[in-house]
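[1] Please work out how this folds:
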Amino acid sequence: MQDAEDFVRRRRYPDLLVAFDVDLEAHKANNGYIIAEQGKPPDFVLEVASQSTGRVDVGPKREDYEWFGIREYWRFDETGAFHGVRLAGDQLVDERYEPIEIAEHDGGSLRGYSAVLDVELQWRDGRLGWLDPSTGRHIPTFLDERAQLGAERARADRAEARLRQLEEELRRRP
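    Residues are numbered from 1 along each chain as shown. Model (predicted):
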């Protein structure tokens, strides 16, 4: 473990962070989240595995995030090849990380509960998803919403075309 000065100089750029009750203007001014400026660490951090970062995600970053006091640290690995597991999470308990239980569900999906976000993170078929813990239903992403909107527009376009066709048929009747 390095000394405190080394940690102060260390920079970490997580793939996803969530921080509640922060100064948004400081974030915008710094073009990023700086713990010293905010006066608190992020509440939730997620790292997505890659060949170049996998080893760092499960070792040095985990140690740093624990030292910084980040309440939950999650790791997602599409294949399990870089983190050694597909989904893992740690929660801060008495200033130390303890593993969050990851359960296997139907079809081999993996799920773990984030108390910080009050959601379940799910690994399924190589993809990360978010579930509402009260219903077990998928929480749509921006891309899900966009796809649904596109499908609704296509249905509306077909309905309008059919309506125009029927109106034309009515006009032609004697």
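
[2] doesn't Phe68 make contact with Pro41?
    Yes. Assessed by CB atoms under 8 Å, Pro41 is found in contact with Phe68 at 4.5 Å. Yep, even glycine has a C-beta here, placed from its N, CA and C like the rest.

[3] shared neighbours of the two, which are they?
    Shared contacts of Pro41 and Phe68 (CB atoms under 8 Å, 6 or more residues apart in numbering): Ile35.

[4] Can you tell me the element Glu160 falls in?
    Following DSSP states H and E, one finds Glu160 within helix 142-172.

[5] what do you get for Leu17?
    Assigned by DSSP H and E, Leu17 belongs to strand 16-18.

[6] Only alpha carbons, please: show the next helix or strand after that strand as PDB.
    Sequence-wise, the next helix or strand downstream of strand 16-18 (DSSP H and E) is helix 24-30. What follows is helix 24-30, C-alpha atoms only, in PDB (Å, rounded to 0.1, in the frame of the first residue of the first chain):
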ATOM      1  CA  LEU A  24     -22.200  20.600 -10.800                       C
ATOM      2  CA  GLU A  25     -20.500  23.900 -11.500                       C
ATOM      3  CA  ALA A  26     -17.200  22.600 -10.100                       C
ATOM      4  CA  HIS A  27     -17.700  19.500 -12.200                       C
ATOM      5  CA  LYS A  28     -18.300  21.600 -15.400                       C
ATOM      6  CA  ALA A  29     -15.400  24.000 -14.600                       C
ATOM      7  CA  ASN A  30     -12.900  21.100 -14.200                       C
END
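
[7] heads up, I number from 40, so please use that
    Yes, from this point I'll number from 40; that puts the last item at helix 63-69.

[8] Which elements pack onto the helix or strand that helix 63-69 is followed by?
    Sequence-wise, the next helix or strand downstream of helix 63-69 (DSSP H and E) is helix 74-77. With contacts defined as 3 or more CB pairs under 8 Å, 6 or more residues apart in numbering; DSSP states H and E, helix 74-77 has these neighbours: helix 63-69.

[9] Next, the buried residues of the helix it packs on.
    Residues of helix 63-69 include none that count as buried (16 or more other CB atoms under 10 Å).

[10] Mind giving me the packing neighbours of that helix?
    Short answer (3+ CB pairs under 8 Å, 6+ apart): helix 63-69 packs on helix 74-77.
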